[in-house]
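Enquirer: Sequence and computational prediction follow.
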Amino acid sequence: MKKKGFLIDMDGVIYKGSEPIPGAVEFINGLRDRGLPFLFLTNNSQRTSRDVCYKLNKMGFRVNDEDIFTCAMATARYLASKKENGTAYVIGEGGLLTELHNAGYSIVDDQPDYVIIGEGRTIMLESVDKAINMIMKGAKLIATNLDPNCPIGDGKYRAGCGALVAMLESASGIKAFSVGKPSPVMMRMARKTLQLATDETVMIGDTMGTDILGAGSMGFTTILTLTGVTHESDLANFGYSPDFIIKSIKDLLNEELFMRVMGEPVIMETTY
């Protein structure tokens, strides 16, 4: 079998809420049994990789902390590559703060190098006002992602990181730099983590505007699953398309389809 590896979105792809999507556990554990590398990508910066891993293990996925790559991890690594031992004012939660500390960054309340925005369930207007003034005094504005909203289950949503970033951009007149999907920064880091070449990388996602756009722009093979954000009726609204469209990740348990994704010839048996 040709060398291939998988970058896989989570919410809407392998689970919804606290329940795995049918076939997802079998598919992911099957990748592990085959020795095929994979990495879960998420634009959620709230939780650490260990927190995410614990949730997946409870659902039956045989995964480790090292199988998780969050936009908080990508943001911290990106900033560390630009400025060692920098300072940051952060609007976000534990996952983002942990990764910044791991990257050697100090969290400050005055004159930071960067103002970094992640997800937050309790954001105070006072923190937003402070961030605006820091940005206007020269701090660089960094977004972990630009998702305008986030699903929270039962068909409900909450404002996402991108909504807060848009407010800061409007108030300050400064555009943010985003690290999360569909940014090539996160996509390239994920590919290199798995030590894959571009043509060896497959992205499975449920959102055309992040998963498929980001991976397709990088030249990865793209698979859109219709169990999440993007529906089949939405596809006409985009000027690009995925390489494969599946109803559910369960479809990839079909060996013929899986071999096509892997770039292997499919041998058709003829019965006389």
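Expert: Here it is on my side, so go on. Numbers count the residues shown, from 1 in each chain.
Enquirer: contacts, neighbours, all on C-alpha from now
Expert: OK.
Enquirer: start to end distance for stretch 183-203?
Expert: With C-alpha to C-alpha, to the nearest Å as the measure, stretch 183-203 spans 14 Å from end to end.
Enquirer: list the contacts for residue 40?
Expert: Neighbour list for residue 40: 7, 8, 9, 10, 67, 68, 69, 70 [criterion: C-alpha atoms under 8 Å, 6 or more residues apart in numbering].
Enquirer: ok, now with 6 Å
Expert: The contact partners of residue 40, taken as C-alpha atoms under 6 Å, 6 or more residues apart in numbering, are 7, 8, 9, 68, 69.
Enquirer: so what's residue 228 up against?
Expert: By C-alpha under 6 Å, 6+ apart, the neighbours of residue 228 are 12, 206.
Enquirer: got a pLDDT number for residue 110?
Expert: Residue 110 carries a pLDDT score of 95 in this model.
Enquirer: For the most centrally placed residue in the chain, list each beta-bridge partner.
Expert: Most central in the chain under C-alpha atoms, centre = their mean is residue 42, positioned 2.8 Å from the mean C-alpha point. Per DSSP bridges, the residues bridged to residue 42 are residue 70.
Enquirer: Quick check: it touching residue 72?
Expert: No. Counting by C-alpha atoms under 6 Å, residue 42 does not reach residue 72; the two are 9.1 Å apart.
Enquirer: Distance check, residue 43 against residue 248.
Expert: When residue 43 is compared with residue 248 (using C-alpha to C-alpha), they lie 21 Å apart.
Enquirer: of the two, who's got more company?
Expert: residue 43 (29 against 20; other C-alpha atoms under 10 Å).
Enquirer: how many other residues sit next to the nearest residue to the more buried one once chain neighbours are set aside?
Expert: Nearest non-adjacent residue to residue 43, counting by C-alpha to C-alpha, 6 or more residues apart in numbering: residue 71, 5.0 Å away. Residues near residue 71, counting by other C-alpha under 10 Å, number 27.
Enquirer: now the helices for the stretch 1-150 of the chain?
Expert: Counting by DSSP state H, counting those that start in this stretch, the stretch 1-150 of the chain has helices at residues 24-34, 49-59, 71-82, 94-102, 125-136.
Enquirer: Sort out for me which of the contacts of residue 40 are in strands.
Expert: Counting by DSSP state E, the contacts of residue 40 place 7, 8, 9, 68, 69 in strands.
Enquirer: Enumerate every residue touching the second one.
Expert: It stands for residue 8. 40, 41, 203, 204.
Enquirer: Would you confirm that the residue nearest to residue 43 contacts residue 46?
Expert: No. Here residue 71 does not reach residue 46: they are 9.5 Å apart, not a contact under C-alpha under 6 Å.
Enquirer: got any ranges where the chain has weak pLDDT?
Expert: 1, 153, 265-272 (pLDDT under 70).
Enquirer: ok, now with 90
Expert: 1-3, 17-18, 119-125, 149-159, 263-272 (pLDDT under 90).
Enquirer: Quick check: the residue nearest to residue 161 when sequence neighbours are not counted vs residue 192, distance?
Expert: Once flanking residues are discounted, residue 161 sits nearest to residue 119: 5.1 Å by C-alpha to C-alpha, 6+ apart. Distance, residue 119 to residue 192, using C-alpha to C-alpha: 26 Å.
Enquirer: Compare these two (neighbour count), which wins?
Expert: Shown here are residue 119 and residue 192; by other C-alpha under 10 Å, residue 119 has more neighbours (30 against 13).
Enquirer: how close does that one get to residue 72?
Expert: 10 Å.
Enquirer: How about residue 128?
Expert: Where residue 72 is concerned, residue 128 sits at a distance of 19 Å (C-alpha to C-alpha).
Enquirer: Show me which of the two is the more surrounded one.
Expert: Comparing residue 128 with residue 72 by neighbour count (other C-alpha under 10 Å), the higher total belongs to residue 72, at 36 against 18.
Enquirer: quick one: contacts for that one?
Expert: By C-alpha under 6 Å, 6+ apart, the neighbours of residue 72 are 45, 96.
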